[in-house]
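K.L.:
Take a look and give me a structure for this.
(2 chains)
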Protein chains: 2
Amino acid sequence: MKRIAFLLVAVAAVSGVVASSAPASGDADAEAAPIFGVKIPHGYRDWRLISVAHEEGNLNDLRAILGNDVAINAYREEKLPFPDGTIIARIAWSYVPSEENNKVFGRPQSFVPGPPPDWYLQFMVKDSRKYAATGGWGFAQFNKDGKPADEAMHKTCFPCHEPAKARDFVFTRYAP
Amino acid sequence: MKRIAFLLVAVAAVSGVVASSAPASGDADAEAAPIFGVKIPHGYRDWRLISVAHEEGNLNDLRAILGNDVAINAYREEKLPFPDGTIIARIAWSYVPSEENNKVFGRPQSFVPGPPPDWYLQFMVKDSRKYAATGGWGFAQFNKDGKPADEAMHKTCFPCHEPAKARDFVFTRYAP
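P.N.:
Have a look, this model is predicted:
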């Protein structure tokens, strides 16, 4: 029996069943994003809320922006630039109508998080020395299985954030 | 000087300047919502995220749903009914386009939190004995100044939530 259990675990690990059951969270063996080497930070889903947003167009998602304690404190104290150690997490879900909510409202008006898109998780990590070439920020994107996006995608992060230079390259404002 | 300072505080209090600067948070002197007697819970803005949503129509808002530790644990363990002590907070902001984000995307696609609407804050508080007549839930709504909505409004809460009886009268599902 013990041997069978061991084999099942081994098979699951090799086939990726275990690896794909949930995003890795800062695990030593989790895959790091290219260029910046950022891994999914442990416990990010427990972080406090910075803001929310809806992106239309090709993205068509609902998103929550969370921050670690350093990020939340910097936002609330309106401290710019963000101090080293700041991590901002962006979780995106596909934008879907809620049939059950709409039944109650009597019309189609309610939109809620659906299945995670390929750009499920993004992180900005502040380390002004390590990431001096990109405004002090390291960037990373992961899908729902914890797999990072490719190098070409990660090359687009900083150029896209450059217009927000006056706010230390961060688009999201704190929602009170 | 001391006398002048005292007078300034007194005038500010009487004129409502102090009271309107921020929502009260579980303060002893904060106003309780009618019918259910619920006050704004202390520290709710630091609670963890349950989900987000966009409501169109008359509401036209972006919202975040947060939960205290009892709520978050119940959601993650898929525990129904929610245990006594659960508090669910719903923060709503008006739904506005982000001009600065749209400039970067090159088209109008980004919607972010704007000024708080009259229905800024809502809370559901689980106390199966105290609120036995309304499914075990007390309901409360407050505006940005911490002022509760009137009794007529609070009478609409439970009837609206009744269709969600199978999920203990809670519409919001946990967003992973």
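K.L.:
Assign A:G57 to helix, strand or coil.
P.N.:
Classification of A:G57 using DSSP: H, G, I helix; E, B strand; the rest coil returns coil.
K.L.:
What's the local residue count around A:V170?
P.N.:
23 (other CB atoms under 10 Å in any protein chain shown). Just so you know, the C-beta spots here come from the backbone N, C-alpha and C atoms, and that holds for glycine as well.
K.L.:
can you check A:N58 too?
P.N.:
So A:N58, with other CB under 10 Å, has 8 neighbours.
K.L.:
Contact partners for A:N143?
P.N.:
A:P116, A:D118, A:W119, A:Y120, A:L121, A:A149 (CB atoms under 8 Å, 6 or more residues apart in numbering or on different chains).
K.L.:
so what's A:F169 scoring on pLDDT?
P.N.:
On pLDDT, A:F169 comes in at 98.
K.L.:
how close does it sit to B:P148?
P.N.:
Distance, A:F169 to B:P148, using CB to CB, to the nearest Å: 40 Å.
K.L.:
And A:L66, by the same measure?
P.N.:
Counting by CB to CB - A:L66 and B:P148 are separated by 29 Å.
K.L.:
With A:F111 instead?
P.N.:
In this view, A:F111 and B:P148 are 28 Å apart by CB to CB.
K.L.:
all helices of chain A, in order?
P.N.:
Assigned by DSSP state H, chain A shows helices spanning A:2-15, A:69-76, A:99-105, A:151-155, A:157-161.
K.L.:
Output the contacting helices and strands for the last one.
P.N.:
Think helix A:157-161. The contact analysis (3 or more CB pairs under 8 Å, 6 or more residues apart in numbering or on different chains; DSSP states H and E) places helix A:157-161 against strand A:137-142.
K.L.:
Are the strand it packs on and chain B in contact anywhere?
P.N.:
No. Using CB under 8 Å from any CB of the partner chain, we find that strand A:137-142 stays clear of chain B, coming within 13.4 Å at best.
K.L.:
so how far is that strand off the chain centroid?
P.N.:
Chain-centre distance of strand A:137-142: 8 Å, with CA atoms, centre = their mean, to the nearest Å.
K.L.:
For it, list the C-alpha coordinates in PDB.
P.N.:
Extracted in PDB, the C-alpha atoms of strand A:137-142 (Å, rounded to 0.1, in the frame of the first residue of the first chain):
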ATOM      1  CA  TRP A 137      11.000  47.800 -10.500                       C
ATOM      2  CA  GLY A 138      11.000  44.100 -11.300                       C
ATOM      3  CA  PHE A 139       8.000  42.900 -13.200                       C
ATOM      4  CA  ALA A 140       6.400  39.400 -13.500                       C
ATOM      5  CA  GLN A 141       3.400  37.700 -15.000                       C
ATOM      6  CA  PHE A 142       2.000  34.200 -14.300                       C
END
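K.L.:
If you count contacts, what does that strand end up packed against?
P.N.:
Counting contacts by 3+ CB pairs under 8 Å, 6+ apart, strand A:137-142 is packed against strand A:121-126, helix A:151-155, helix A:157-161.
K.L.:
how about a cut-off of 7 Å?
P.N.:
Under the contact definition 3 or more CB pairs under 7 Å, 6 or more residues apart in numbering or on different chains; DSSP states H and E, strand A:137-142 sits against strand A:121-126.
K.L.:
Could you check the angle the strand it packs on makes with helix A:69-76?
P.N.:
Orientation of strand A:121-126 against helix A:69-76 (axes from the mean of the first three to the mean of the last three CA atoms, to 10 degrees) gives an angle of 80 degrees.
K.L.:
re earlier: so for A:F111 and B:P148, which sits in the more crowded spot?
P.N.:
B:P148 (23 against 20).
K.L.:
Name all residues that make contact with the nearest residue to the more buried one once chain neighbours are set aside.
P.N.:
For B:P148, ignoring the flanking residues on the chain, the nearest one in space by CB to CB, 6 or more residues apart in numbering or on different chains is B:A33 at 4.0 Å. Applying CB atoms under 7 Å, 6 or more residues apart in numbering or on different chains to B:A33 gives the contacts B:A140, B:Q141, B:P148, B:H154.
K.L.:
Could you dump these into TSV with distance to A:P83 and pLDDT added?
P.N.:
Output for the contacts of B:A33, formatted as TSV (distance: CB to CB, whole Å; pLDDT from 0 to 100):
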residue	distance to A:P83	pLDDT
B:A140	37	98
B:Q141	37	98
B:P148	38	98
B:H154	43	98
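K.L.:
Work out the sheet partners of the biggest strand by length in chain A and label each with its direction, please.
P.N.:
Longest strand in chain A, counting residues (DSSP state E): strand A:87-97. According to DSSP bridges, strand A:87-97 forms sheet pairs with strand A:61-67 (antiparallel), strand A:110-113 (antiparallel), strand A:121-126 (antiparallel).
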